[in-house]
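Enquirer: Sharing a model prediction with you, sequence too.
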Amino acid sequence: MKLLAIETSCDDTSIAVVKNNNNQFLVEECIAYSQIQDHQQYGGVVPEIASRLHAEKITALLDQIGEDTIKSCDAIAVTTHPWLPWSLLVGKTTANFLWSLYNKPIIEVNHIHGHIFSILLERSIQDFPFPRIILTASGWHNDIYLVQNTSNAATLQHWNVSTWNFWPLTLTKLWSTLDDAAGECFDKVARMLWWPYPGGARIGEKASQGKPRDDIQFKRIRLAKDEHNFSFSGMKSQVHYLLKKREEKQKITKDLATWNLQPWTLSDQDICDIAYAFQEAMVEILAKKVIKAAIKYQAKTIGIVGWVSANHRLWEYANEYKDSKYPEALLTKPTKNLYSTDNAAMIAAAALIEKI
Ligand code: KG4
Ligand code: ZN
């Protein structure tokens, strides 16, 4: 089966063509227009601008794919939920239009399920044994899912309102963030450091030049109740108060027009050290929770997906922690950064899984 996939749930307009070739998910095309530059001046995604840009850019992307390729696809996979309603509507309307032109069936896909199956792109679906534990870490979702193959499993371990049935697979949302997503927290801290949206990658770069210091430490907040869930709002508050303390010591002039101008006189090394301490705290929370979930559910595969999975330190820390606590599991992430961020290829992967 070959699918044309459409993703427009947030600030990436993306089209992909993905083929299931003997259970290998081959990505023939995956193109995207990233709206980051368009939203940067507002410090985050503006829904109205996002939907207008999707409508503006999607036809050029379809032109790039070409009519012959579109006609050669068996069906159209499209993200229909969740996230920005007017942006999603552009994708769904485009799918409806292609359906009426070429008479291709439409497969509606949940965006988060796309991230969950993004580990399968350009790989064989047999590469990852069940059960799987997947951490979805991005700018607006931050959850841990259990993926089971119920045709093999003697009993279904977990069934509740957050379970989706993709027979023979089931996806169960186990834990999620109670406030910010990890990427959102990275972005907010980057903003405190006067870096443009989205600042996660910049924090990663600066952190790599930072070092541990006794006077810059952030607590790993533990939830008294629901200890497996995530809570990141306290992380950003800790950074805020650390900066505020420094700020109070100085009289400052803020120049909002220049992102790179720091209003306080922190040295470059201070900033790298703050980024380092913050990133260490974030990756420790993310990595430990996903590995603990894997141990609890005896997962054979652990996946880290969403654009935060592009963070090198998260990957390094998760590997070290897994090797020390649970070496028998396989730890994986998408083969390319493109498949970690919002993209249409992962939407095709989820649709193909649904149809296998
Ligand atoms: O998955 P994604 O593209 O979009 C959403 O669905 O939100 O994730 C975007 C998020 C942003 O918050 C961005 O700052 C974060 O991923 N991000 C990172 C890194 N690269 C991107 N966070 C930490 N470290 C990185 N290297
Ligand atoms: Zn996403």
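Expert: That came through fine. Here the structure is a predicted model, which is why all the values come from computation and not from measurement. Numbers count the residues shown, from 1 in each chain. Ligands and ions are numbered 1, 2, ... in the order given.

Enquirer: just checking, T79 touches T13?
Expert: No - using C-beta atoms under 8 Å, T79 is not in contact with T13, being 11.1 Å away. For every residue, glycine as well, the C-beta is placed using N, CA and C.

Enquirer: what residues are shared contacts of those two?
Expert: Here T79 and T13 have E7 as joint contacts, going by C-beta atoms under 8 Å, 6 or more residues apart in numbering.

Enquirer: Remind me which helix or strand E29 belongs to.
Expert: Element membership of E29, judged by DSSP states H and E, is strand 24-34.

Enquirer: before we move on, what about A55?
Expert: If you go by DSSP H and E, A55 is part of helix 47-65.

Enquirer: Three-state assignment for V78, please.
Expert: At V78 the chain is in strand, as set by DSSP: H, G, I helix; E, B strand; the rest coil.

Enquirer: burial of it, as a residue count?
Expert: Counted with other C-beta atoms under 10 Å, residues neighbouring V78 total 29.

Enquirer: One more: A5?
Expert: Using other C-beta under 10 Å, the number of residues around A5 comes to 33.

Enquirer: correct me, but it touches V27?
Expert: No - look at A5 against V27 with C-beta under 8 Å: they stay out of range, at 9.9 Å.

Enquirer: shared neighbours, these two?
Expert: A16, V17, V18, A345.

Enquirer: circling back to that earlier point, which helices and strands does the helix or strand following the strand holding E29 pack with?
Expert: Using DSSP H and E, the helix or strand that follows strand 24-34 towards the C-terminus is helix 36-40. Here helix 36-40 touches helix 47-65, going by 3 or more C-beta pairs under 8 Å, 6 or more residues apart in numbering; DSSP states H and E.

Enquirer: tell me what the helix it packs on is packed against?
Expert: Here helix 47-65 touches strand 12-21, strand 24-34, helix 36-40, helix 85-102, going by 3+ C-beta pairs under 8 Å, 6+ apart.

Enquirer: Out of those, which is the most enclosed?
Expert: For the helices and strands packed on helix 47-65, average neighbour numbers computed from mean count of other C-beta atoms under 10 Å are highest in strand 12-21, which has a mean of 24.

Enquirer: what sits up against that strand?
Expert: With C-beta under 8 Å, 6+ apart, strand 12-21 has contacts from 1-8, 25-35, 53-54, 57-58, 61-62, 64-65, 69, 73, 121, 341-345, 347-349, 352, 356.

Enquirer: Residue numbers of the protein in contact with ligand 1?
Expert: For the chain, the contact set with ligand 1 under C-beta under 6 Å from any ligand atom comprises 10, 138-140, 183-184, 186-187, 198-201, 204, 306-308, 310-311, 341-342.

Enquirer: try it again with 8 Å
Expert: 9-12, 83, 111, 115, 137-141, 181-184, 186-187, 190, 197-201, 203-204, 279, 282, 306-308, 310-312, 314, 340-342 (C-beta under 8 Å from any ligand atom).

Enquirer: Just the buried residues of these.
Expert: Taking 16 or more other C-beta atoms under 10 Å as the criterion, what is buried in the residues of the chain next to ligand 1 is 9-12, 83, 111, 115, 137-141, 181-184, 186-187, 190, 197-201, 203-204, 279, 282, 306-308, 310-311, 314, 340-342.

Enquirer: Can you pick out the most distant pair from the shared contacts of A5 and V27?
Expert: Comparing all pairs in the shared contacts of A5 and V27 by C-beta to C-beta, the longest separation belongs to V17 and A345, at 8.6 Å.
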